[in-house]
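In: Provided below are the primary sequence and the corresponding predicted coordinates.
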Amino acid sequence: MRLYPAAVTIAGCLALPVHAQAPASALPPTPGFASRPILASPISGIDQKELVLISVTLEPGASSPPHTHPGDCYGSVIDGTIELRVRGHEPRRVAAGEAYANTAPGVPHQLTNVGSTPVRLINTLVVEKGKPRTVTVQDLGP
């Protein structure tokens, strides 16, 4: 699927291109980890929030930095297997074709590629407009 910078049509709805939205927070450069927003869109009837789709890739053994979001985070693994670590929960493995939800805004979490092939996944954030979409933290804590 190709996303064009002018506008993106999804299920018959016009969404604003990523560059027309407030700038996303950049995660620090991390070897083997890459993420980039591919869509940012207002949510009908909820002026203070936006939906953001993020493409994520992880090389074997790579992890995202521990981080939080000012809202809900939903993800679907397209290729490979990750381990999702969320503060206060046991680590969970999520394989291609499976999904996860982290609906505790501000709770630190981290993704790690536990396989021998690259991981591709899509994260969907429902976050507060005007706040950084992603904030790194030192660690996951207790």
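Out: That came through, no problem.

In: all helices in this protein, in order from the N-terminus.
Out: Taking DSSP state H as the criterion, the chain contains no helices.

In: ranges for the strands of it?
Out: Using DSSP state E, the strands of the chain run over residues 8-10, 13-15, 33-43, 46-58, 67-68, 71-79, 81-86, 92-95, 99-102, 109-113, 119-128, 135-136.

In: Check which helices and strands the third one sits against.
Out: Going back to what we said before, that points to strand 33-43. strand 8-10, strand 13-15, strand 46-58 (3 or more CB pairs under 8 Å, 6 or more residues apart in numbering; DSSP states H and E). Placement of C-beta: from N, CA and C, glycine included.

In: weakest of the strands of the chain in terms of mean pLDDT?
Out: Of all the strands of the chain, mean pLDDT reaches its minimum on strand 8-10 (a mean of 34).

In: what about residue 52, neighbour count?
Out: 23 (other CB atoms under 10 Å).

In: The one 5 residues further on now?
Out: Each residue near residue 57 was counted by other CB under 10 Å, and the total is 18.

In: which residues does it bridge with?
Out: residue 34, residue 120 (DSSP bridges).

In: Looking at the strands of the chain, which one is packed in the most?
Out: Comparing these by mean neighbour count (mean count of other CB atoms under 10 Å), strand 109-113 ranks first with a mean of 22.

In: relative to strand 71-79, how tilted is that strand?
Out: 10 degrees (axes from the mean of the first three to the mean of the last three CA atoms, to 10 degrees).

In: Could you report the separation of the residue nearest to the spatial centre of the chain from residue 54?
Out: Geometric centre of the chain, nearest residue: residue 123, 3.5 Å, by CA atoms, centre = their mean. Relative to residue 54, residue 123 is positioned 4 Å away (CB to CB, to the nearest Å).

In: okay, and the common contacts of the two?
Out: Both residue 123 and residue 54 are in contact with residue 35, where contact means CB atoms under 8 Å, 6 or more residues apart in numbering.

In: Residue 114 - how many residues pack around it?
Out: 18.

In: just checking, it touches residue 85?
Out: No - here residue 114 does not reach residue 85: they are 10.8 Å apart, not a contact under CB atoms under 8 Å.
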